[in-house]
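> Provided below are the primary sequence and the corresponding predicted coordinates.
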Amino acid sequence: MEKEMQEWQPKIVAFLCNWCTYGAADLAGVNRLQYPPNFKVIRVPCSGRISPKLILAAFRNGADGVWISGCHPGDCHYIEGNMYARRRFTLFRSLFKHIGIDERRLHFSWISAAEGIKFAEVANDIVKTVKEVGPAKQLIKEKAQVA
Amino acid sequence: MVNYTDKIRETAKRLLNDGTVDTFIGYRKGSLPFVNNPAIIHNAEEADELVWDSNCALNLCNYLTNRTDKIGVLATGCNSRNIAMHLKENKIKREQLVIVGVPCTGMVDHRAVKGMVDGEILEVTEAGEEITVKGDDFEKTFKTADVLQTNCQTCAHRNPVIFDELVADEVPELDGVNQYADVEAVEAQSDEEKWQNFENIFESCIRCYACRNACPLCYCPTCFVDESKPQWVGKSTDPTDTMTFHFLRAFHMAGRCTDCGACERACPVDIPLRYLTKKLNKDAKDIYDYESGTNVEDKALLDTYKPTDLNDFIR
C-alpha cells in the first residue's frame, strides 16, 4: 500500500501566460533545471483569460491540482489583465475553500519570462504539495461507461 | 406595509396619465396564497390591480433589461441596488427609469409559515404588522416580523439607495445584526464538514433553473449551462453537474448579488441558495469593502482593480 502511494503521481493542469511564465518554463528547460513532469501545460494569452469555468473543467476532468501563473502585477502584456484576474482568483479561491475543497490544490504565481529558476522552484513545490493532499475525489465527473 | 397600496396606485396612475412613463412595473395579487405576480401595466385603468404587501419578494429588476420604453418601477432596498447594478452594467439607462422607492420592512417567508400550521393554507390576509392565514379548519395570526425571510431578518439596506420618489417615509434600518453569522459558522468548519454541507444542500436540486430565471443578474443571452461547444456542465441531475452548476452560478454573482432572496423564494425544493452567494458578499465586504449596488457611481467589483489588492496567496 505504501509503495502504491509513493508511486502515485498527481496530474496538474498548468495555465501559463504566453508572455511570461510560458517563457520561464522554456528558460528553465534551456537551463536544464530539474522540475517534475506532472504538468499538462495550457498556454493562455493572459492570466486574465482564465475563467472559473476553465479551472472547474480541469477538476471535473480529473486534475489533482491546478496552477495558474501570469505576469507580475504591472508587467501585464495587456497592461492590466492580471490585475482583474487577481480579484477574480481571490474570490474564486475563497469560494472553493467554502465548499470544502483543499486549498492546496489551487496554486497561483507571478513568474516573469526571466525567472526560470523561480519557475522550477515553484513547480517542484506545487508537485510536493499536491502529493501531500493526495488524489482528487471531489467534483470529478465520471465518464459514462460505454460498452 | 399594506397601506402603501393606495399611494402606489395613485403614483402609477399619475405617471402613466401624464406620459412620464410608458410602462409601470409592480405587483398584482396572485392566484395562490403568498404569491404576488409581477404586473406590467401600460395604462392608468390597470393601476387599480396593483398591490403591496409582505409577499412582494419577486425581484422586478428581472423585467428591466434590454428595454427601450420609459418605465416606472417599484424598488425596495435590495431591488434598488439591483437597479444600480443594471445601470452600471448598461442594461438600462437612468433616463428611462422613474424609480418609485418603497421602504421595506421585510418579506414573509412562506415556507416558515407553512411549517407552523397543519393543513393547506388557502387564504392570507395582512393588516398592519400582522398576517393571518386561513385553511379549511384553522386560522392563525403571526407578527410579520417573526416570520421574515432569512435575508430580510438581517437586511442592511431596507430603504432604497436610488429613487425618484418614495411612497412612504423611510423605515429605520436594523442595527446590531450580524449579517454573516451563518457564513462565519461554516468558515469555522473543517474541509470534510464543508464538503458534506455542500453535497447535502444541493443534493435535492432538480435543475429546473428557477433560481437562474428569478435572478435579475442572470441575463446572459446564452447561459453557460446551455453552451454545448464546449459543454462546461452536463444537463442531468448528476451530483457533480449540479454542484458545478451551483458553484458557477454563485460565482457569476460575485460582487453583484444584493441578497434579495429571489432565488431561494423561487426554488421548488427549498434549497438555501444563498449559502454560496452570501460567502461571496462577505468576501467582497471583508476584502474590498464593497457592497454591490449601494453606490451608483462606482464600478462593479470585478470590473476594476487596485494595484494594492490582496496578493498574499500568490507566490
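That came in fine, so what should we check first?
> helix, strand, or coil at the residue in chain A positioned nearest to chain B?
Per C-beta to the nearest C-beta, A:Gly100 is where chain A lies closest to chain B, at 3.1 Å. Every residue, glycine included, has its C-beta placed from N, CA and C. Assigned by DSSP: H, G, I helix; E, B strand; the rest coil, the conformation of A:Gly100 is coil.
> how far away is it from A:His107?
18 Å (C-beta to C-beta, to the nearest Å).
> which one's more surrounded, these two?
Between A:Gly100 and A:His107, counted using other C-beta atoms under 10 Å in any protein chain shown, the more crowded position is A:His107 (23 against 19).
> OK, contacts around A:Trp110?
If you count contacts by C-beta atoms under 8 Å, 6 or more residues apart in numbering or on different chains, A:Trp110 has them with A:20, A:69-73, A:82, B:314-315.
> re the thing from before, and the residue of chain A closest to chain B, what does it touch?
A:138, B:189, B:191-198.
> next one: B:His86
B:61, B:64-65, B:92, B:216.
> which of those count as buried?
B:61, B:64, B:92, B:216 (16 or more other C-beta atoms under 10 Å in any protein chain shown).
> of all the contacts of B:His86, which two lie farthest apart?
B:Ile92 and B:Pro216 (10.9 Å; C-beta to C-beta).
> what do the two both touch?
Joint contacts of B:Ile92 and B:Pro216 (C-beta under 8 Å, 6+ apart) are B:64-65, B:86.
> alongside chain A, which residues does the stretch 101-250 of chain B contribute?
Taking C-beta under 8 Å from any C-beta of the partner chain, the part of the stretch 101-250 of chain B that reaches chain A is made up of B:186-187, B:189, B:191-198, B:224, B:230, B:232, B:234, B:238, B:240-241, B:243-244, B:247-248, B:250.
> repeat the analysis, applying 10 Å as the threshold.
B:183, B:186-187, B:189-199, B:201-202, B:224, B:227, B:230-234, B:238-241, B:243-244, B:246-248, B:250 (C-beta under 10 Å from any C-beta of the partner chain).
> excluding chain neighbours, give the residue nearest to B:His246 in space.
B:Phe202 (5.1 Å; C-beta to C-beta, 6 or more residues apart in numbering or on different chains).
> how near is B:Cys215 to A:Asn61?
Taking C-beta to C-beta, one finds B:Cys215 at 28 Å from A:Asn61.
> between these two, which one's more packed in?
Under the criterion of other C-beta under 10 Å, the comparison of B:Cys215 against A:Asn61 puts B:Cys215 first, with 25 against 12.
> wait, the more buried one touches B:Met85, no?
No: at 11.2 Å, B:Cys215 does not count as touching B:Met85 under the criterion of C-beta atoms under 10 Å.
> circling back: out of the residues of the stretch 101-250 of chain B next to chain A, which end up buried?
Buried, going by 16+ other C-beta under 10 Å: B:183, B:186, B:194-195, B:197-198, B:201-202, B:224, B:232-234, B:240-241, B:243-244, B:246-248, B:250, out of these.
> B:Glu184: neighbouring residues, count only.
Counted with other C-beta under 10 Å, B:Glu184 comes out at 10.
> what do B:Cys215 and B:Met85 both touch?
Residues touching both B:Cys215 and B:Met85 (C-beta atoms under 10 Å, 6 or more residues apart in numbering or on different chains) are B:61, B:256-257.
> what about stretch B:131-147, how long is it end to end?
Criterion C-alpha to C-alpha, to the nearest Å; first-to-last residue distance in stretch B:131-147 is 10 Å.
> residues touching A:Val122, list them.
A:Val122 sits in contact with A:21, A:24, A:35, A:67, A:69, A:107-111, A:115, B:315, where contact means C-beta under 10 Å, 6+ apart.
> could you do B:Tyr4 as well?
So B:Tyr4 contacts B:11, B:50-53, B:56, B:74, B:100, B:102-104, B:166-168 (C-beta under 10 Å, 6+ apart).
> about what we covered before: what is the nearest of the contacts of B:His86 to A:Ile126?
B:Pro216 (40.0 Å).
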